[in-house]
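In: build me a structure from this.
(chains A, B and C)
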Amino acid sequence: MIHFKDVSFAYKEGKWAVRHINFTVNKGEFVSIIGGNGSGKSTIARLSDGLLLPQEGSVFVDEINSRAKKDEFFIKEKVGIVFQNPDNQFVGTTVEEDIAFGLENIGVERVEAKARIEQISSLLGIDKYLHGSPSYLSGGEKQKVAIASVLVMQPDYLVMDEITALLDPVSRKEVLNLVHSIAENKNIGVLYITHITEEVIKSDKVLVLHKGEKIKEGAPAVILQDMKLLRSAGVASLPSVIISEDLRKHGIISASFVDEEDLIGSLCSN
Amino acid sequence: MRKRSFFGQYNFSDSLLCKLDPRVKIVLVFSIVVFLFFVKTISGYILLLLFSIFLILLAKSKISDVFRSLAPILFLLLFTVLFQLFFTPGKVVYSFFFLKVTSEGIYLATYIAMRLMLLSFFTFVLTATTSNIELTDGFEAVISPLKIVRFPTEDVALMISIAMRFVPVLFEEATRIMKAQTSRGVLFNKGSLMQRARSFLPLLLPLLLNAFNRADQLAIAMEARGFVVGKARTKYREMQIKKIDLFFIFLFILIMAASIMVKRI
Amino acid sequence: MLELKNVFVTYDPNTIFMSNALVDISLMIKKNESVGIVGRIGSGKSTLIQLFNGLIKPDNGAVLLDNDDINSKQIDIRKVRKKVGIVFQYPEEQFFAETVFAEVAFGPKNMGMRETELKDAVFSALKDMGFSSEKIAQRSPFSLSGGEKRRVAIASIIAMNPDILVLDEPMAGMDFNGKEKLSKYIKNEIKNGRTVVFVTHNMEELLEIADRVIALDEGKKVFDGRVRDFFSDEKLIEKIGIDIPSVVRMRNKLKKYYSDIPFCRTPLEISSYLKKRYRH
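Out: A predicted model of the protein is given here:
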């Protein structure tokens, strides 16, 4: 379990980037954080991996405090993090090399490393690129390599910091689906950070972040229907919700729909 | 836009030379290049030239690529050759206005030309048959004795390989920024030297700032994957000296010995 | 008016610049149009727009601006670049000046604009991009927020007062608020008579801003026409690997039951149609 207990963090004194944050991510759970630019999303990502340490409150990973110096590696092995720009997270000159980098750091021997890399790369469908340079892949493929190079370290939790923000909509969907299927199959806890509303639909729970504070936490269906809340957090509402709210106000339908099919179904049945 | 031919750019092939251990290749090429300065006879150089051509063929490189790789040092080559040719004192064999060609001059010029050419041929073979990773790995191994004096050989090698990784990225970015600034009316290849120099600021500054930004993000990503400067790491890639390496070591020694002895026979 | 006549661009697949080939492209961009260029990565979109101001020269065919071939020797290429202003992807990554003013003034200055006009040009461009106070001009461009940076970068092209404003993925990497603002200001430019051409992956942007779509697939022009006609050709959309926006998808599904539903660009257009339907 990743556990944020009343966490506050400031890059500059007196200017809180995040304030009084509380939440948990259990193993096998898919938790999304949604918010606009400057809401503190990336800060939370870095706090959950021990890359930043909170000034107030504590971050625990499986009961270990991220401040405990001797357990620093424990946290980095347990929590894998993927960032927004894949070009700035590659170390190796080939894909294989890059996936191996983390394993070399945590002392995995060659034979095991090789087996793990083969297994992960075929799982993510990037085995055909192993000997090529990551520079020449498309954005979506690059992010798959970045995910593979974290996943190969066999973390229990994955933190995804706006990993689709620079991708086109088609690869965006592909990468998101991939993360969902990995989380399910490997029983990994995911903290998925995004500013794109439709990406949180399939989460177990959603946190809405605004100006460094958690303004709401709940099931996606509840959060996504609250247009006022989303607007104040600077994120878009789903078209299906915009339509159904407008129709509900005029008494044409009685409930709001997150799912397009449900909305169309209810409109076309009567 | 054609592909730029870097100094013997690595081209993966099934050539025998690609299978050699990079450490062996680096040491062999380095020693033969140093050795060039001890060869004193033309026949010795001809033997080495034949050997280098043999290696180039073995590397499955095109001869045209080899000559293209000579381009960057062509000026240097011509300059030294002409300088030696005309300005070496000695017995005059031909004069042309104030320029006098001496037999000593011809002798020296030929030697220097041979040395420089062979030097670039051998390094061409090395860079054309060894990938960047292998080069850094080999380099790391070759400098590893420096560990005794606490020189961070692994970190330096990693640094070099990361720098190489970023070359294409920075290249692409430079092209993009250049095009963007061109669209804002900068003409990069027109005007006085001063104007040209000034027009590079809008290219260089953003490029540098972006590079720092990238470096910063990369450092965080590396830390997140458990990297700590100076901490022992396991090695994923394997280097192993095989029979074929021994064979080439033997071949190189043989050729070197022969090129020194050749005149006495 | 910009015209491409049977343009071919070839490239070396090994080049690290990843430019993409174009095959026999002919098109015309008329005054006061708003054109979206779509296609998957590597379809040649970026190459296409770089032809517009002579950054890339065609191997065959011609690029005409107001009937003059821009690649002929008699043409002053700077004048072409003044008329066709291109904003590249992540334009804020080109910043180098100390102040927003100097950054925005850089282009027009290079184009030979006089000091007296310069100030007006800069402030009017900043105003176009939604900066109402002149205070912003003295700030460092690096101190701005992501959305502000993007708008300053676009202002730096608008300050040259181009006839045609070309944008490569103007909204890339921006959040909802940033996108909403930027699309408002771009739409204003169109309303005020500027021709706008933009490359996008995002079909919501296309729906919101463009009247006309040019679609590329493997370097060939596969569609050129109205936005509504583009989205009714589902086969083509699938072929060129584009994500149908949910508004269009919902409208198309509703059409099976409500055969008279018009083409809708926004969710509210759908609901207002439905409201009208239910009133009767």
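In: C-alpha only now, for contacts and for neighbours.
Out: Fine.
In: and the gap between the residue in the stretch 151-270 of chain A positioned nearest to chain B and A:I117?
Out: Going by Cα to the nearest Cα, chain B is nearest to A:M153 of the stretch 151-270 of chain A, at 8.3 Å. The span separating A:M153 from A:I117 equals 10 Å under the rule Cα to Cα, to the nearest Å.
In: who has more neighbours out of these two?
Out: Counted by other Cα atoms under 10 Å in any protein chain shown, A:M153 and A:I117 do not tie: A:M153 has more neighbours, with 28 against 23.
In: close to chain B: what parts of the stretch 1-150 of chain C are there?
Out: C:11-12, C:14-17, C:53, C:55, C:78, C:81-82, C:85-88, C:91, C:93-96, C:106-108, C:110-111 (Cα under 8 Å from any Cα of the partner chain).
In: show me which of those residues neighbour chain A.
Out: Counting by Cα under 8 Å from any Cα, no member of the residues of the stretch 1-150 of chain C next to chain B is near chain A.
In: please flag which of the residues you listed sit within helices.
Out: Per DSSP state H, helices hold the following members of these: C:R78, C:R81, C:K82, C:F106, C:G107, C:P108, C:N110.
In: for chain C, what helix or strand is lowest in average pLDDT?
Out: Here the helix or strand of chain C ranked lowest by mean pLDDT, DSSP states H and E is helix C:234-239, holding a mean of 88.
In: neighbours around residue 141, how many?
Out: I went with chain A, as the question did not name one. Counted by other Cα under 10 Å, the residues lying close to A:E141 total 21.
In: my bad, the chain I had in mind was chain C
Out: 25.
In: pLDDT value on the spatially closest residue to it that is not a sequence neighbour, please?
Out: Leaving aside its sequence neighbours, C:P141 sits nearest to C:V100 (Cα to Cα, 6 or more residues apart in numbering or on different chains; 5.0 Å). You'll see C:V100 listed with a pLDDT of 96.
In: on the three-state scheme, C:V196 is what?
Out: State at C:V196, reduced to three classes by DSSP: H, G, I helix; E, B strand; the rest coil: strand.
In: how close does it get to C:P170?
Out: Distance, C:V196 to C:P170, by Cα to Cα: 11 Å.
In: can you give me the strands for the chain?
Out: I went with chain A, as the question did not name one. A:2-12, A:15-25, A:30-34, A:56-61, A:64-65, A:79-82, A:157-161, A:189-194, A:205-210, A:213-218 (DSSP state E).
In: meant chain C, my bad for not saying
Out: For chain C, applying DSSP E gives strands covering C:2-9, C:22-29, C:34-38, C:60-65, C:68-69, C:84-87, C:164-168, C:195-199, C:212-217, C:220-226.
In: same list (those strands) but as a markdown table, adding mean pLDDT.
Out: Shown next, in a markdown table, are the strands of chain C (pLDDT from 0 to 100):
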| stretch | mean pLDDT |
| --- | --- |
| strand C:2-9 | 94 |
| strand C:22-29 | 94 |
| strand C:34-38 | 96 |
| strand C:60-65 | 94 |
| strand C:68-69 | 93 |
| strand C:84-87 | 96 |
| strand C:164-168 | 97 |
| strand C:195-199 | 97 |
| strand C:212-217 | 95 |
| strand C:220-226 | 95 |
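In: so of these, which one's packed in deepest?
Out: strand C:84-87 (a mean of 28; mean count of other Cα atoms under 10 Å in any protein chain shown).
In: strands paired with that strand, and their directions?
Out: Using DSSP bridges, the strands paired with strand C:84-87 are strand C:164-168 (parallel).
In: output the strand it pairs with as PDB, restricted to C-alpha atoms.
Out: Taking C-alpha atoms only, strand C:164-168 is exported to PDB below (Å, rounded to 0.1, in the frame of the first residue of the first chain):
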ATOM      1  CA  ILE C 164      -1.400  32.900 -43.400                       C
ATOM      2  CA  LEU C 165      -0.800  31.600 -39.900                       C
ATOM      3  CA  VAL C 166       0.400  28.000 -39.900                       C
ATOM      4  CA  LEU C 167       0.400  26.100 -36.600                       C
ATOM      5  CA  ASP C 168       1.900  22.700 -36.000                       C
END
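In: now it, how far from the chain's geometric center?
Out: In this view, strand C:164-168 has its centroid 4 Å away from the chain centroid, taken as Cα atoms, centre = their mean, to the nearest Å.
In: not counting its neighbours along the chain, what's nearest A:R19?
Out: Leaving aside its chain neighbours, A:R19 sits nearest to A:S8 (4.3 Å; criterion: Cα to Cα, 6+ apart).
In: now do the contacts for the one you found.
Out: By Cα atoms under 8 Å, 6 or more residues apart in numbering or on different chains, the contact list for A:S8 reads A:W16, A:A17, A:V18, A:R19, A:H20, A:I21, A:P54, A:Q55, A:E56, A:G57.
In: so what's the residue lying closest to B:P152 once chain neighbours are set aside scoring on pLDDT?
Out: Using Cα to Cα, 6+ apart and skipping the chain neighbours, the partner closest in space to B:P152 is B:G230 (7.2 Å). As predicted, B:G230 sits at a pLDDT of 77.
In: show me which residues of the stretch 101-250 of chain A sit near chain C.
Out: For the stretch 101-250 of chain A, the residues in contact with chain C (Cα under 8 Å from any Cα) are A:138, A:165-166, A:168-170, A:195-196, A:234-236, A:239-240, A:242-244, A:246-247, A:250.
In: give me that answer again for 6 Å
Out: With Cα under 6 Å from any Cα of the partner chain as the criterion, the stretch 101-250 of chain A comes near chain C at residues A:A165, A:L166, A:D168, A:V170, A:G234, A:V235, A:A236, A:P239, A:I243.
In: so what's B:T110 closest to, chain neighbours aside?
Out: Spatial nearest neighbour of B:T110, chain neighbours left out: B:V81 (7.4 Å); criterion: Cα to Cα, 6+ apart.
In: make sure that neighbour is actually in contact with B:Y107.
Out: No - at 10.3 Å, B:V81 and B:Y107 do not qualify as touching, with contact defined as Cα atoms under 6 Å.
In: look up how far chain B lies from the residue nearest to A:R19.
Out: 20 Å (Cα to the nearest Cα, to the nearest Å).
In: can you give me the neighbour number for residue 42?
Out: No chain specified, so I'll use chain A. Neighbours around A:S42, by other Cα under 10 Å: 20.
In: I was thinking of chain C, sorry if that wasn't clear
Out: Other residues lying near C:G42 total 17 when counted by other Cα under 10 Å.
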